[in-house]
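Asker: Provided below for reference: sequence and predicted model.
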Amino acid sequence: MPVFAANLSMMFNEWSFLDRFDAAAAAGFTAVEYLFPYEAPPEAIAERLARNGLQQALFNLPPGDWDAGERGIAALAGRFDQMKADVERALEYAEATGAKRLHLMAGLADPADAAATTAYRRSANYAAERLADKGLDLLIEPINGRNMPGYFLNDFGTAERVISDLGLANLKLQFDIYHRQIIHGDVTMALRRLMPITGHIQIASVPSRHEPDGGELNYPYLFEEIDRLGYSGFVGCEYTPRGSTRDGLGWFKPFARN
Ligand SMILES: O=C(O)[C@@H](O)C(=O)CO
Ligand SMILES: [Mg+2]
């Protein structure tokens, strides 16, 4: 049975960030993820996790100036020193929360640009090696260009090549099924082929990015497939609820902790 992590950036937005941990646990989740923890002190997050018996599945390294439109800096030539400092900041939060995997966002850059490609590979290599010192995995995630126009890592083939070329055991794929379906389709065959390099999975319905209980994907089948493939990591519920988060959790009832 998949272990689902509530994505607290998108779910339980009826509550303040820290109160979302309590709400997710009360709804039966045993794990959480979110995009960025950096506005809350690490100790406060650690306290919410412990109080609720929650595991911290994943979060992202700092993304640059998000409010100014940045979506990561790994592929931005000239930002390497900032990226190195960001890795240290994220590691403080990982240590406090027990997270074992972090997502490095690429940023907005032309995938055909040689300087961006060099910068991206250098950043991924550095961050993965630094995380390996601490026993953590580094994840890279292809994101579809409709949700994030101009995003550098917009293709699963590129992610696969980066992982294979860099050859670092802790550099893995964040397989967001929602993005996969929009970019390429062929979700089941891709899960089968890419499972050996997959370090985290995320889900949402397509095309609306709501609960995984409708739309063009058959999630009950995919959940069984993920089990059949022996995946033992987390499945992040990275969706915007159609209405209230709790009202939309019918799909999750069979998996909820009592
Ligand atoms: O799919 C997504 O958008 C996220 O997993 C992410 O990390 C960047 O927004
Ligand atoms: Mg995702």
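Answerer: Good, I have the coordinates. Ligands and ions are numbered 1, 2, ... in the order given.
Asker: Tell me how many other residues surround L136.
Answerer: 20 (other CB atoms under 10 Å). All C-beta spots, glycine's among them, are computed from the backbone N, C-alpha and C.
Asker: Please tell me how far it sits from P254.
Answerer: 31 Å (CB to CB, to the nearest Å).
Asker: and if you look at R209?
Answerer: Distance, R209 to P254, using CB to CB: 22 Å.
Asker: Same drill for those two, tell me which one is more crowded.
Answerer: R209 (18 against 9).
Asker: and that one, how far is that from G150?
Answerer: 19 Å.
Asker: Which pLDDT value goes with the closest residue to ligand 2 within the stretch 1-150 of the chain?
Answerer: Relative to ligand 2, the nearest point of the stretch 1-150 of the chain is E141 (5.5 Å; CB to the ion). Listed pLDDT for E141 reads 99.
Asker: what does the one 10 residues further on give?
Answerer: Looking at Y151, its pLDDT stands at 98.
Asker: Quick check, it in contact with A106.
Answerer: Yes: assessed by CB atoms under 8 Å, Y151 is found in contact with A106 at 6.5 Å.
Asker: Which neighbours do these two have in common?
Answerer: Common neighbours of Y151 and A106 (criterion: CB atoms under 8 Å, 6 or more residues apart in numbering): R71.
Asker: okay, the two: which has more neighbours?
Answerer: A106 (30 against 23).
Asker: Which residues does that one form beta bridges with?
Answerer: Under DSSP bridges, the beta-bridge partners of A106 are G72.
Asker: Hmm, Y120 and it touching each other?
Answerer: Yes: A106 lies in contact with Y120 (CB under 8 Å); the separation is 5.8 Å.
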